[in-house]
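sequence and predicted structure are below.
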Number of protein chains: 6
Amino acid sequence: MATFGLLEYQDAGPEVRAVYDDIMATRQTDWINNFWKAIAHDPATLRRTWESVKQIMAPGALDAVTKEMIYVAISASNQCGYCIASHTAGARKAGMTGEMFAELMAVVGMANETNRLASGYQVEIDERFLPPTNSSGRT
Amino acid sequence: MATFGLLEYQDAGPEVRAVYDDIMATRQTDWINNFWKAIAHDPATLRRTWESVKQIMAPGALDAVTKEMIYVAISASNQCGYCIASHTAGARKAGMTGEMFAELMAVVGMANETNRLASGYQVEIDERFLPPTNSSGRT
Amino acid sequence: MATFGLLEYQDAGPEVRAVYDDIMATRQTDWINNFWKAIAHDPATLRRTWESVKQIMAPGALDAVTKEMIYVAISASNQCGYCIASHTAGARKAGMTGEMFAELMAVVGMANETNRLASGYQVEIDERFLPPTNSSGRT
Amino acid sequence: MATFGLLEYQDAGPEVRAVYDDIMATRQTDWINNFWKAIAHDPATLRRTWESVKQIMAPGALDAVTKEMIYVAISASNQCGYCIASHTAGARKAGMTGEMFAELMAVVGMANETNRLASGYQVEIDERFLPPTNSSGRT
Amino acid sequence: MATFGLLEYQDAGPEVRAVYDDIMATRQTDWINNFWKAIAHDPATLRRTWESVKQIMAPGALDAVTKEMIYVAISASNQCGYCIASHTAGARKAGMTGEMFAELMAVVGMANETNRLASGYQVEIDERFLPPTNSSGRT
Amino acid sequence: MATFGLLEYQDAGPEVRAVYDDIMATRQTDWINNFWKAIAHDPATLRRTWESVKQIMAPGALDAVTKEMIYVAISASNQCGYCIASHTAGARKAGMTGEMFAELMAVVGMANETNRLASGYQVEIDERFLPPTNSSGRT
């Protein structure tokens, strides 16, 4: 499967191998999942996507498990089967318990429900919820 | 605005007032935002939605600010303007800092990007990411 | 507003006027809503879209109000503000009561919720729900 | 499949069995479909979701088959494979004929098309379609 | 698979056969893909959908490969597995190279990312980007 | 508007100004649109997003106007008002005519329609459309 097949390490050139090596080193693992092998036919996209993911998913103001759970939330909302499977695995590896997953799904379900009640009833944004109108950025 | 207008406290019957009172007591606030006033024309939906939100958003395995951030993530992904505004306010009240919001948005953006790369490249789920096949539930 | 402005009847050529006339005759009304005026800059799209809408929305196995409600359901789910407003008006004109609207929204909200629980929990389709495998079409 | 497997009746505790019993009694059937077994690992979500579905899908101002068809419409629009399969089965059981399904799909397709024409052409909402501005709820 | 099975040429009536014949003649091919066979149980939808696709996908101001790539872009964004597969094949047949596909996917991914950054940060439309306000259509 | 306001050039630090300067130089313009000013409160996201957009939107196997039109297509499909407005302006600047826009919208509408017919009818992917099964990447 995958539109252009999966590019395995042994078949890859040095540019792709360098990304694969960094993925494995960063994630402290010895394998590459299909997503990267599928997009590796475009080394520019492979590198840019990995660099972005690496930067964004590193612990910062939010810890790793929270970030992985947000990824699962978006993927479930968007019906991306691959992403649900891979990021659920990632979240569990980062420490997500069954209870955390259950609460995550409950919030995802409820948010998707009330998103549509809000639009369907044509609810206007409350004055108090509007961002400040001064555009100086000094809020 | 709002399809059936906004049902204010003074115009509401006892069933709706009871929900409004519980919203204000639970949230330790003295006002009701438009979402509830817009759906209050259907007291059954008002009550059911509030009871579900109250149960789901209470701190548990995930804390309040994490849950509100997941709500913002879904709402931004779904382009629900009302929900983005109201839950960004809710998340900030629950402790979300500017740094946390910035990282949240970065993850939401990246997840929406890679969700489409995964589908567009028709990536097959890795064996390791598949849920266990025994259906007994004893995992 | 509208990317190319709104094409009014008096400014339109005979091809567009013919469609406008048919819209007003079919809907038994004396005005054209903005949607048609906005797309009228492309007469081919105007005609094709109107012919399709006219054919699809005519009462058949489903009556007019049910069809308008399905339109509202999809529009609310997709966060299309224009379409929610116009088809809610259309559904009310076709006989949708406040009670019907309330139940419609409740179903839309719940469907959007369980759609994400089903994907998030990676639920496999039950054997009994699979379409028959014979491809002859004689079902 | 399913992230935490499927929780069968014989493996379930009394809280889950009570919900399963109510599902079977309400639907006058002797089996439980995978959706419920998959989310049953979180009994709170199982109960809340079932109680909501039971309340919302009961015949009221809209009959059962109309509600199931709206569910199919949303599920097809959202690309939820499980939900399309299960609610198409549910709608047929509730009386949806092939003709009704065909018209349903035609409306779903057209609504998804015009939702994007409306947004893409940046169509402004007609004055006549705006909800009344008095916020008293006395409409 | 397919809800009502696939309607093969030899089992089809003259109305469906006429559409199948036109599909094969227009596309200069000798087979019909599953999409048409699945919707053929509703000859009105089959004919209307084919006539629209035939008209819209014909080369005009945009050439055939550009149109097929836009189709792939939307299908990947919407997570429609069938449509991704069929229109990727269609785009390649129309001349899309691997490099073009890679750039297409990069744009699709980036657009999905910035769509959510724009909504999540609640960015207001710049004055310069607003369509002209005169509604005469004389732009 | 915008959650954290808009960060103007004169209020920005050197890191943000460097990105603003590069945006203006690359686009051969003397102003910055709101999107960048809104996300500039997070300089890391500002830089990463701009670097990605700059790389992806540069002419390559696809020319600039095609890339901008794909951006419009996704934005219209996702109902992102800001992105529709800004990228429609961008596409026109890059050479999109009214005829090209009209055909673009027609394809976007049709793709959104048939995406739902394909899912709603549960159409199985044709053998001929499946990617090759060898995973070596030597296709």
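Arrived safely.

please name the nearest non-neighbouring residue to the residue of chain A at minimum distance from chain D.
For chain A, the residue closest to chain D is residue A:102, as judged by Cβ to the nearest Cβ, at 3.5 Å. Where you see a C-beta, it was placed from the backbone N, CA and C, and this is true even at glycine. Closest residue to residue A:102 in three dimensions, ignoring its sequence neighbours and counting by Cβ to Cβ, 6 or more residues apart in numbering or on different chains: residue D:42, at 3.5 Å.

give me the phi and psi angles of the one you found.
Main-chain torsions, residue D:42, degrees, to the nearest 10: phi -120, psi 90.

up against chain E, what does chain A have?
Taking Cβ under 8 Å from any Cβ of the partner chain as the criterion, the neighbours of chain E within chain A are A:3-4, A:39, A:41-42, A:44-45, A:48-49, A:78-80, A:131.

one step back: tally up the residues packed near the residue of chain A closest to chain D, please.
Counted with other Cβ atoms under 10 Å in any protein chain shown, residues neighbouring residue A:102 total 21.

show me the contacts for it.
B:61, D:41, D:42, D:44, D:45 (Cβ atoms under 8 Å, 6 or more residues apart in numbering or on different chains).

separation between it and residue A:39?
32 Å (Cβ to Cβ, to the nearest Å).

and the pLDDT at the residue nearest to residue A:102?
Model confidence at residue D:42, expressed as pLDDT, equals 97.

what's the closest non-adjacent residue to residue A:99?
In this structure, residue A:99 finds its nearest non-sequential neighbour in residue B:61, 3.9 Å apart by Cβ to Cβ, 6+ apart.

okay, and the one you found sits in which element?
According to DSSP states H and E, residue B:61 maps onto no helix or strand at all.

residue A:46 now?
Element membership for residue A:46, per DSSP H and E: helix A:43-57.

which strands and helices sit next to that helix?
Applying 3 or more Cβ pairs under 8 Å, 6 or more residues apart in numbering or on different chains; DSSP states H and E, one finds that helix A:43-57 contacts helix A:14-27, helix A:34-39, helix A:64-78, helix B:98-120, helix E:98-120, helix F:43-57.

got a markdown table for these, with distance to residue D:126 too?
Output for the helices and strands packed on helix A:43-57, formatted as a markdown table (distance: least, Cβ to Cβ, whole Å):
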| stretch | distance to residue D:126 |
| --- | --- |
| helix A:14-27 | 52 |
| helix A:34-39 | 45 |
| helix A:64-78 | 31 |
| helix B:98-120 | 32 |
| helix E:98-120 | 24 |
| helix F:43-57 | 35 |
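
per-domain residue ranges of chain A.
Segmentation of chain A into domains, based on automatic domain parsing, reads A:1-58, A:59-123.

for residue F:93, find the nearest of the ones you listed.
Nearest of the domains of chain A to residue F:93, taken as Cβ to Cβ: domain A:1-58 at 24.7 Å.

what's the span of the closest one from first residue to last?
End-to-end span of domain A:1-58 (Cα to Cα, to the nearest Å): 30 Å.

same question, stretch A:21-34
Stretch A:21-34: ends 15 Å apart by Cα to Cα.

touching chain F at all, it?
No - Stretch A:21-34 does not reach chain F (Cβ under 8 Å from any Cβ); its nearest approach is 8.5 Å.

quick one: that stretch to chain centroid distance?
16 Å (Cα atoms, centre = their mean, to the nearest Å).

so, low pLDDT: which residues of chain A?
Across chain A, the ranges flagged by pLDDT under 70 are A:133-139.

what does it have sitting close to chain D?
Contact residues, chain A versus chain D (Cβ under 8 Å from any Cβ): A:79, A:88, A:98, A:99, A:101, A:102, A:105, A:106, A:109, A:122.

pretty sure the last one contacts residue C:84?
Yes - counting by Cβ atoms under 8 Å, residue C:84 is a contact partner of residue A:122 at 6.2 Å.

name all residues that make contact with the nearest residue to residue A:110 once chain neighbours are set aside.
Nearest residue to residue A:110, sequence neighbours excluded (Cβ to Cβ, 6+ apart): residue B:56, at 5.0 Å. Listed by Cβ under 8 Å, 6+ apart, the contact set of residue B:56 reads A:103, A:106, A:107, A:110, B:67, D:48.

hmm, 7 Å instead?
Residues near residue B:56 by Cβ atoms under 7 Å, 6 or more residues apart in numbering or on different chains: A:106, A:107, A:110.

and it, how close does it get to residue A:104?
Counting by Cβ to Cβ - residue B:56 and residue A:104 are separated by 10 Å.

what's the answer for residue A:20, then?
Distance from residue A:20 to residue A:104, counting by Cβ to Cβ: 30 Å.

which of the two has more residues huddled nearby?
Neighbours were counted for residue A:20 and for residue A:104 using other Cβ under 10 Å; residue A:104 has more, 25 against 20.

wait, the more buried one touches residue A:70, no?
No - under the criterion of Cβ atoms under 7 Å, residue A:104 is not in contact with residue A:70, lying 8.9 Å apart.

any common contacting residues for those two?
In contact with both residue A:104 and residue A:70: residue B:70, using Cβ under 7 Å, 6+ apart.

measure the closest residue to chain E within chain A to residue E:77 for me?
Relative to chain E, the nearest point of chain A is residue A:42 (3.6 Å; Cβ to the nearest Cβ). In this view, residue A:42 and residue E:77 are 18 Å apart by Cβ to Cβ.

who has more neighbours, those two?
A direct count of neighbours by other Cβ under 10 Å for residue A:42 and residue E:77 places residue E:77 higher, at 28 against 22.

still on that earlier bit, which one (most neighbours) among the contacts of residue B:56?
Going by other Cβ under 10 Å, residue A:106 tops those with 27 neighbours.

dump the residue contacts of it.
Residues in contact with residue A:106, defined by Cβ under 7 Å, 6+ apart, are B:56, D:45.

ok, which residues in chain A are in contact with chain C?
Taking Cβ under 7 Å from any Cβ of the partner chain, the part of chain A that reaches chain C is made up of A:76-77, A:79, A:84-85, A:105, A:108-110, A:112-114, A:116-117, A:119-122.
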